[in-house]
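[1] Let me see the structure of the following:
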Amino acid sequence: MTVRYFAYGSNLLHARLYARCRSIINIGTARLDRHRLNFTKPGSDESGKCGIEAVDTEEYVLGVLYQMAKREKPVLDRIEGNGYGYMDKEIEVNSGRGPIRCFTYYPTRLDNDKRPFDWYKAFVLEGARENGFPPHYLEMIESVESLVDPHHERRISNYAIIQGHEPE
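    Numbering: from 1, shown residues only. Sure thing, here's the model as predicted:
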């Protein structure tokens, strides 16, 4: 049995999500209408992680629709902090082939004072590039202010996952 997952943050990058869930299959890009992407969900490392919030405008969040084995969802729930910063929520996204039901991780709290670490922003940006997101969306991600992670080993190990995608 499988489930469909809409990724909009660091899990956009296939290598990042594959390291967590080996059964993933990218089934294409999708769009969550009337939502905004931000980097203000408080992370356990005190930095900002990607979050989404509902808005009353025509804004949207681009993401990747993945199919994965249902047996791996508890693993992803634990890694993503389901129940501790995120809650999984059933949503409907537009895939260009009509609406599709799936789940995503919705932040339980946002903090506008949070900023992402540089490596986290690189995951999101490289994932967006890998999936062919349009230039204006890439520019929006690039414009997000980030911080250099003070934990050098964590920074290096996360850039190693990106393998060759480190920003110039």
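[2] avg pLDDT for stretch 110-123?
    Summarised as a single mean, pLDDT over stretch 110-123 is 97.
[3] And that stretch, how far out from the chain middle?
    Computed by CA atoms, centre = their mean, to the nearest Å, the chain-centroid distance of stretch 110-123 equals 11 Å.
[4] start to end distance for that stretch?
    Start to finish, the residues bounding stretch 110-123 are 20 Å apart (CA to CA, to the nearest Å).
[5] which residues make contact with that stretch from outside it?
    Residues from elsewhere that reach stretch 110-123, judged by CB atoms under 8 Å, 6 or more residues apart in numbering: 9-10, 12-13, 16, 38-43, 45-51, 53, 124, 141, 144-149, 154-155, 158-159, 161-162, 165-167. Using the backbone N, CA and C atoms, a C-beta is placed for each residue, glycine as well.
[6] in that stretch, what's buried?
    K114, R115, P116, F117, D118, W119, Y120, K121, A122, F123 (16 or more other CB atoms under 10 Å).
[7] quick one: the helices in the protein?
    Taking DSSP state H to define them, one finds helices in the chain at 14-18, 73-80, 118-130, 135-142, 152-162.
[8] highest average neighbour count across these?
    Mean neighbour count, computed with mean count of other CB atoms under 10 Å, is highest for helix 118-130 among the helices of the chain, reaching a mean of 22.
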